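[1] This is the structure alone, sequence omitted:
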């Protein structure tokens with residue numbers, strides 16, 4: 001594991017993902033969690049989907065830093081899981097990376113029932129929403145509807161544009177500019193917002209199949225068959241990690257994330 005980079009002590013952060021499915025949210029959360037882990041400040045990883053694995057699919061990290069997933073989708077079990085997860089973070093002073101899962105409605109219902117923002121802040125954990133945005137106008141419409149409902153309104157929100165969602169042959173700049181223009185007209189009253197664009201990593205499936213973390217794959221650690229990825233793909237992965245970190249820095253949101 002890479003040596004820890006010096007960083008001042010900061011308030012624990014709960015990074016909570018929302019948005020429609022299939023927008024790369026679980027991979028994004030895994031990457032943010034992994035960057036923190038290799039920096040020497042491991043957060044708790046929390047997969048709240050009882051049926052389908054989200055962030056827990058990153059097994060190498062989740063086995064070590066993850067909390068048990070909910071036993072079922074029953075409201076009582078989710079409340080118990082929520083209390084256990086945030087209670088553990090509050091007790092250890094760790095940040096959280098939370099993949100709620102369950103589709104468009106899960107987070108809204110959960111937030112209304114449990115008032116997760118107030119509860120978390122009461123425990124000394126600030127909440128940042130990671131709103132996943134894809135190239136479809138429906139992705140922006142979902143966020144507009146969510147915000148209008150007032151179901152989940154954190155004080156800080158990162159609107160994450162994932163280039164992986166852009167169809168091959170289409171210009172990401174043009175597509176995301178259209179969505180960006182629509183979202184800039186949305187009033188995020190009482191909420192600090194930032195935009196973060198995540199670059200595409202063409203060899204992502206190869207990394208996922210390897211079972212390695214992104215950092216270990218880039219460093220040339222061996223796969224289960226004893227061979228590392230080739231030097232070119234290792235360079236691609238390292239460039240991808242560095243680009244994400246640089247864009248986080250440019251957006252000035254280091255303290256918004258774990």
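    In hand now; what should we look at? What you see is a predicted model, and the numbers here were worked out from it, not measured in a lab.

[2] if I look at residue 130, how far off is residue 55?
    According to Cβ to Cβ, to the nearest Å, residue 130 stands 11 Å off from residue 55. No exception for glycine: its C-beta is placed from N, CA and C like everyone else's.

[3] Repeat that for residue 138.
    Distance from residue 138 to residue 55, by Cβ to Cβ: 24 Å.

[4] ok, those two, which is more surrounded?
    residue 55 (27 against 10; other Cβ atoms under 10 Å).

[5] what's the span of stretch 218-236 from first residue to last?
    One end of stretch 218-236 to the other measures 8 Å (Cα to Cα, to the nearest Å).

[6] Could you pull out the buried residues of it?
    By 16 or more other Cβ atoms under 10 Å, the buried positions in stretch 218-236 come out as 218-219, 223, 228-229, 233-234, 236.

[7] From the chain's centroid, how far away is that stretch?
    Averaging C-alpha positions (Cα atoms, centre = their mean, to the nearest Å) puts stretch 218-236 24 Å from its chain's average.

[8] ok, now stretch 67-78?
    20 Å.

[9] Endpoints of that stretch, how far apart?
    End-to-end distance of stretch 67-78 (Cα to Cα): 13 Å.

[10] Could you do stretch 194-206 as well?
    OK, stretch 194-206 end separation, Cα to Cα: 31 Å.

[11] can you check stretch 148-164 too?
    Start-to-end, stretch 148-164 (Cα to Cα) is 28 Å.

[12] I'd like the average pLDDT over that stretch.
    The average pLDDT within stretch 148-164 is 84.

[13] quick one: buried residues of it?
    151-154, 156-164.

[14] and of those residues, the nearest to residue 199?
    Each of the buried residues of stretch 148-164 was scored against residue 199 by Cβ to Cβ, and residue 163 proved nearest at 5.5 Å.

[15] With secondary structure and distance to residue 186 as extra columns, can I get the buried residues of stretch 148-164 in JSON lines?
    Output for the buried residues of stretch 148-164, formatted as JSON lines (DSSP: H, G, I helix; E, B strand; the rest coil; distance: Cβ to Cβ, whole Å):
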{"residue": "151", "secondary structure": "coil", "distance to residue 186": "15"}
{"residue": "152", "secondary structure": "coil", "distance to residue 186": "14"}
{"residue": "153", "secondary structure": "coil", "distance to residue 186": "12"}
{"residue": "154", "secondary structure": "coil", "distance to residue 186": "15"}
{"residue": "156", "secondary structure": "strand", "distance to residue 186": "16"}
{"residue": "157", "secondary structure": "strand", "distance to residue 186": "11"}
{"residue": "158", "secondary structure": "strand", "distance to residue 186": "15"}
{"residue": "159", "secondary structure": "strand", "distance to residue 186": "10"}
{"residue": "160", "secondary structure": "strand", "distance to residue 186": "15"}
{"residue": "161", "secondary structure": "strand", "distance to residue 186": "15"}
{"residue": "162", "secondary structure": "strand", "distance to residue 186": "19"}
{"residue": "163", "secondary structure": "helix", "distance to residue 186": "22"}
{"residue": "164", "secondary structure": "helix", "distance to residue 186": "24"}
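
[16] Could you pull out the strands in the stretch 151-258 of the chain for me?
    Here the stretch 151-258 of the chain has its strands, by DSSP state E, counting those that start in this stretch, at 156-162, 192-198.

[17] now those in JSON lines, with distance to residue 250?
    JSON lines is the format used below for those (distance: least, Cβ to Cβ, whole Å):
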{"stretch": "strand 156-162", "distance to residue 250": "13"}
{"stretch": "strand 192-198", "distance to residue 250": "9"}
